[in-house]
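Asker: Task: produce atomic coordinates for the following.
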Amino acid sequence: MDFLGETMGIVRILTNAIRLQAVARVAQPKQTFAPLELTKRLNIYLRSQFAGNGFVRFPISTDSCVTFDSTPEKIAGGVIYFDQTKSRDKPIKLVLIGDIHAALQNFNAIINKYRAGLEDGSVQLVFLGDLIHPERGSDLENMTTSIQIMRQMMVLMEQYPGQIHWVRGDHENLFDGNLHKGFIFQCDEMRKALASEAGPEFAEQYLQEVQAFFENLPYFAVIHGSQGLTFAGHSPVSKGGRNFSDLVAAREDRSGPNHRSPYLYNRPTCFWHTREERLAMGYDDIDVRMTLKRLFNCDGAYQMFGFPRALSETDLAKITVVSGHNRLDDLSRFQLEGFTNTIFCLQSFFSNPEIIEIEQGAISFTNLY
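Answerer: Residues are numbered from 1 along each chain as shown. Predicted coordinates:
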């Protein structure tokens, strides 16, 4: 073969190689970030759960959702209602868990403790917010365990739909510039950690989806059984009470830069130190009684829960309220004094926290370990 022929042969070989590389690049699947795809799927799931009304009944049936005058774009969470009044072959145990605050060991222990019940459908877990952001220690800016818990919760919610419930707390936020521990702004730290993990290609979209996930979480839970009625949430009571419309249409005020919600920051007056805090975010016995009266006794709202009549004052006084969010020093459970209703405050980041189990509306306490 002459020199020209050899040269043309080499050119053809190189041309084919370049063409094959181009085809391979076109055929190569688009790179994805798995946590982003998981978060997208869960946002679709949560939006479909609360679509159009902000109220969903568990166990889910064809008539689970009721019609209510609120639009989907105003829904960010709402009310989940657990009906334990009907007899079933296998009664469902509902477990209420207080603030985890990035305590990964406790979180894993809770899942392991109730894994068998999740597998056979006899248990539902309700986390009352603040799963993320360390509460104590010298490493308050470290978001490693927060991200691990968030990811595991998302996987579990997809693995056990309708059995794992995440009620939103004030720490479920990426953009609250006022939320800090010891002047460590944990929302900023979480946002930076998530963006770094996602990388420049997916960071912005991932942060938007995670924030949307937080805003899609329910805010309140009502547990109704033959032996009692419980109203639970991260911060379920506020000044002046709430009516049913407020509860099912609970939403973020997205006009502000911090995405703060008035439904997540209230505590009993005794937990606030300054007069300004007590006036703005403190509640007393009258606020609790007003909340329960508006929720179960006004404007026909009781019908949403399938009650045959509005609850009397005597009935309302028997409702148990369960809250997270409160500072309990070294106590994992604290019962408030000076209130007509029984009010329990829970925290679950201590060494051996108490958690609440509810069967047929009856409350019992158990230690995690």
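Asker: Could you use CA atoms for every contact and neighbour count after this?
Answerer: OK.
Asker: mind listing what's buried in stretch 269-277?
Answerer: Thr269, Phe271, Trp272 (16 or more other CA atoms under 10 Å).
Asker: buried ones in stretch 180-194?
Answerer: For stretch 180-194, the neighbour count (16+ other CA under 10 Å) marks His180, Phe185, Gln186, Cys187, Asp188, Glu189, Met190, Arg191, Lys192, Ala193, Leu194 as buried.
Asker: Stretch 128-139 too?
Answerer: Leu128, Gly129, Asp130, Leu131, Ile132, His133, Pro134, Glu135.
Asker: residues in contact with stretch 353-369?
Answerer: If you take CA atoms under 8 Å, 6 or more residues apart in numbering as the criterion, stretch 353-369 is touched by 84-85, 91-98, 106, 109-110, 113, 223-230, 332-333, 346-348, 352.
Asker: Which of the residues you listed fall within helices?
Answerer: Asn106, Ala109, Ile110, Lys113 (DSSP state H).
Asker: List just the nearest of the residues you listed to Asn173.
Answerer: Asn106 (21.7 Å; CA to CA).
Asker: which non-adjacent residue is nearest that closest one?
Answerer: The spatial neighbour of Asn106 that comes closest, neighbours along the chain excluded (CA to CA, 6 or more residues apart in numbering), is Phe349 at 6.7 Å.
Asker: From Asp130, how far out is that neighbour?
Answerer: In this view, Phe349 and Asp130 are 10 Å apart by CA to CA, to the nearest Å.
Asker: Overlap in contacts, those two.
Answerer: Asp99, Ile100, His101.
Asker: closest to Val321 among the residues you listed?
Answerer: Minimum distance to Val321 across the shared contacts of Phe349 and Asp130 is 15.6 Å, recorded for Asp99 (CA to CA).
Asker: Would you enumerate the residues in contact with the closest one?
Answerer: Here Asp99 is in contact with Phe127, Leu128, Gly129, Asp130, Leu131, Gly324, His325, Leu346, Gln347, Ser348, Phe349 (criterion: CA under 8 Å, 6+ apart).
Asker: ok, the last one touching Gln105?
Answerer: By that I understand Phe349. No: in this structure, Phe349 is not within contact of Gln105 by CA atoms under 8 Å, at 9.0 Å.
Asker: Between those two, point out the one with more neighbours.
Answerer: Taking neighbours as other CA atoms under 10 Å, Phe349 and Gln105 compare with Phe349 leading, 23 against 13.
Asker: that older thread, and the buried residues of stretch 269-277 as TSV, adding pLDDT?
Answerer: Shown next, in TSV, are those (pLDDT from 0 to 100):
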residue	pLDDT
Thr269	84
Phe271	79
Trp272	78
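Asker: now those residues in JSON lines, with secondary structure and distance to Met281?
Answerer: Listed next are the buried residues of stretch 269-277 as JSON lines, based on DSSP: H, G, I helix; E, B strand; the rest coil; distance: CA to CA, whole Å:
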{"residue": "Thr269", "secondary structure": "helix", "distance to Met281": "8"}
{"residue": "Phe271", "secondary structure": "helix", "distance to Met281": "10"}
{"residue": "Trp272", "secondary structure": "coil", "distance to Met281": "8"}
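Asker: Looking at these, spot the one nearest His165.
Answerer: Phe271 (26.9 Å).
Asker: Please tell me how far the closest one sits from Ala195.
Answerer: 35 Å.
Asker: so who does Arg221 touch?
Answerer: Not Arg; residue 221 is Ala. Contact partners of Ala221, counting by CA under 8 Å, 6+ apart, are Val79, Ile80, Tyr81, Phe82, Val167, Phe231, Ala232, Gly233.
Asker: May I have the strands that pair with the helix or strand encompassing the second one, each with its orientation?
Answerer: The secondary structure element spanning Ile80 is strand 79-84 (assigned by DSSP states H and E). Using DSSP bridges, the strands paired with strand 79-84 in its sheet are strand 55-58 (parallel), strand 220-225 (parallel).
Asker: comparing the ones you listed, which gets the lowest mean pLDDT score?
Answerer: The stretch with the lowest mean pLDDT among the strands paired with strand 79-84 is strand 55-58, at a mean of 59.
Asker: mind listing the helices for the stretch 101-250 of the chain?
Answerer: 104-113, 115-120, 144-159, 186-198, 203-216, 244-248 (DSSP state H, counting those that start in this stretch).
Asker: So which elements touch the longest one?
Answerer: The one in question is helix 144-159. helix 34-49, helix 104-113, strand 164-166 (3 or more CA pairs under 8 Å, 6 or more residues apart in numbering; DSSP states H and E).
Asker: Residues contacting the shortest one, please?
Answerer: If you take CA under 8 Å, 6+ apart as the criterion, strand 164-166 is touched by Gln124, Leu125, Val126, Phe127, Leu128, Gly129, Met153, Leu156, Met157, Leu217, Pro218.
Asker: so what's the first one bridging to?
Answerer: Just to be clear, that refers to Gln124. Beta-bridge partners, per DSSP bridges, of Gln124: Leu94.
Asker: just checking, it touches Ile97?
Answerer: No: at 11.0 Å, Gln124 and Ile97 do not qualify as touching, with contact defined as CA under 8 Å.
Asker: more crowded one of the two?
Answerer: Using other CA under 10 Å as the criterion, Gln124 and Ile97 rank with Ile97 on top: 26 against 23.
Asker: Can you name the residues that contact that one?
Answerer: Leu125, Val126, Phe127, Leu128, Leu346, Gln347, Ser348, Ile355, Ile356.
Asker: Would you mind measuring from it to Leu179?
Answerer: Counting by CA to CA, the gap from Ile97 to Leu179 is 22 Å.
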